[in-house]
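S.K.: I'd like to go over a predicted model; first the sequence, then the structure.
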Amino acid sequence: DAGVTQSPTHLIKTRGQQVTLRCSPKSGHDTVSWYQQALGQGPQFIFQYYEEEERQRGNFPDRFSGHQFPNYSSELNVNALLLGDSALYLCASSLGGIQNSPLHFGNGTRLTVT
Amino acid sequence: LAKTTQPISMDSYEGQEVNITCSHNNIATNDYITWYQQFPSQGPRFIIQGYKTKVTNEVASLFIPADRKSSTLSLPRVSLSDTAVYYCLVGRIEGGADGLTFGKGTHLIIQP
């Protein structure tokens, strides 16, 4: 039973560029949440997708956008990259129809902006 | 928004029982309490979840007093591999982002 998979594992981009990160949820899960984790900090909630719609959003600018596909996989897009966007980006999947379904995380994409 | 407060760090020794307490004074009636464990360069891993009283699984116990304003994660007989950051989350995933909000967590260090 495959868990949450994220790609790529590492990425280096230049300030001002755009990046797309990808996530495949755990088998049977239909909800995907994205997090940004800076070094030494807890994961910060970016947004959550369910039924191909953004359901919840954290305190992140519009440069951060996402998409969920019919097969429940998801993408996170970040435009106009800033040095401060360097972080570990985590994807988590869960069951949208079950209250407080625990989050299952992938091991993230390490983004470095130079 | 049920914010949580945890100790920033804790130390213990192999074979000891470790208790990490999380304060959540503004917890709402429909809120659950969930704990995650995170190792460096990995995503957090679900440990345990509860609503009231006591919950136990194969790796931990969760104690929740009657007023639910705090909760205690108990790790029995810890080993070096339990060194990690532990996060307490409070909220409902359905209907709000509260249950998706991580704090700074507790950095647990286990020594030989």
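M.R.: Arrived safely.
S.K.: residue ranges with poor pLDDT in the chain?
M.R.: I went with chain A, as the question did not name one. A:1, A:99 (pLDDT under 70).
S.K.: Hmm, no, I was thinking of chain B.
M.R.: Ranges of chain B meeting pLDDT under 70: B:1-2, B:93-99.
S.K.: What is the burial count for the residue nearest to B:Asn57 when sequence neighbours are not counted?
M.R.: Once flanking residues are discounted, B:Asn57 sits nearest to B:Ile48: 5.6 Å by C-beta to C-beta, 6 or more residues apart in numbering or on different chains. To be clear about C-beta, it is placed using only N, CA and C from the backbone, and glycine gets the same treatment. By other C-beta atoms under 10 Å in any protein chain shown, 21 other residues sit near B:Ile48.
S.K.: Same question for B:Thr56.
M.R.: 13.
S.K.: and what of A:Ile12?
M.R.: 12.
S.K.: ok, what's across the strand from it?
M.R.: A:Thr112 (DSSP bridges).
S.K.: The residue most central in space within chain A sits in which helix or strand?
M.R.: Among the residues of chain A, the one closest to the centroid is A:Trp34, at 3.0 Å (C-alpha atoms, centre = their mean). Assessed by DSSP states H and E, A:Trp34 sits inside strand A:31-37.
S.K.: and that strand, which strands flank it?
M.R.: So strand A:31-37, judged by DSSP bridges, has these partners: strand A:44-50 (antiparallel), strand A:87-94 (antiparallel).
S.K.: Just tell me which of these ends up closest to B:Pro40.
M.R.: Nearest of the strands paired with strand A:31-37 to B:Pro40, taken as C-beta to C-beta: strand A:87-94 at 10.0 Å.
S.K.: continuing past that closest one, what's the next helix or strand?
M.R.: Once the chain leaves strand A:87-94, the next helix or strand it forms, by DSSP H and E, is strand A:104-105.
S.K.: wait, what's in contact with B:Asp11?
M.R.: Residues in contact with B:Asp11 (C-beta atoms under 8 Å, 6 or more residues apart in numbering or on different chains) are B:108-111.
S.K.: How about A:Phe47?
M.R.: Taking C-beta under 8 Å, 6+ apart as the test, what A:Phe47 contacts is A:33-34, A:54-58, A:60, A:64, A:66.
S.K.: Buried among those? Need that as a selection in PyMOL.
M.R.: A single PyMOL command selects the buried members of the contacts of A:Phe47 (16 or more other C-beta atoms under 10 Å in any protein chain shown):
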select buried, chain A and resi 33+34+55+56+58+64+66
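S.K.: In space, what's closest to B:Ser23 - neighbours in sequence excluded?
M.R.: B:Thr5 (4.3 Å).
S.K.: Most tightly packed of the strands paired with strand A:31-37?
M.R.: A comparison of those by mean neighbour count, using mean count of other C-beta atoms under 10 Å in any protein chain shown, puts strand A:87-94 on top with a mean of 25.
S.K.: Could you confirm A:Asp110 falls within a helix?
M.R.: Residue A:110: Arg, not Asp. No: A:Arg110 is assigned strand when assessed by DSSP: H, G, I helix; E, B strand; the rest coil, not a helix.
S.K.: measure the residue lying closest to it once chain neighbours are set aside to A:Thr112 for me?
M.R.: Spatial nearest neighbour of A:Arg110, excluding adjacent residues (C-beta to C-beta, 6+ apart): A:His10 at 4.8 Å. The spacing between A:His10 and A:Thr112, counted by C-beta to C-beta, to the nearest Å, is 8 Å.
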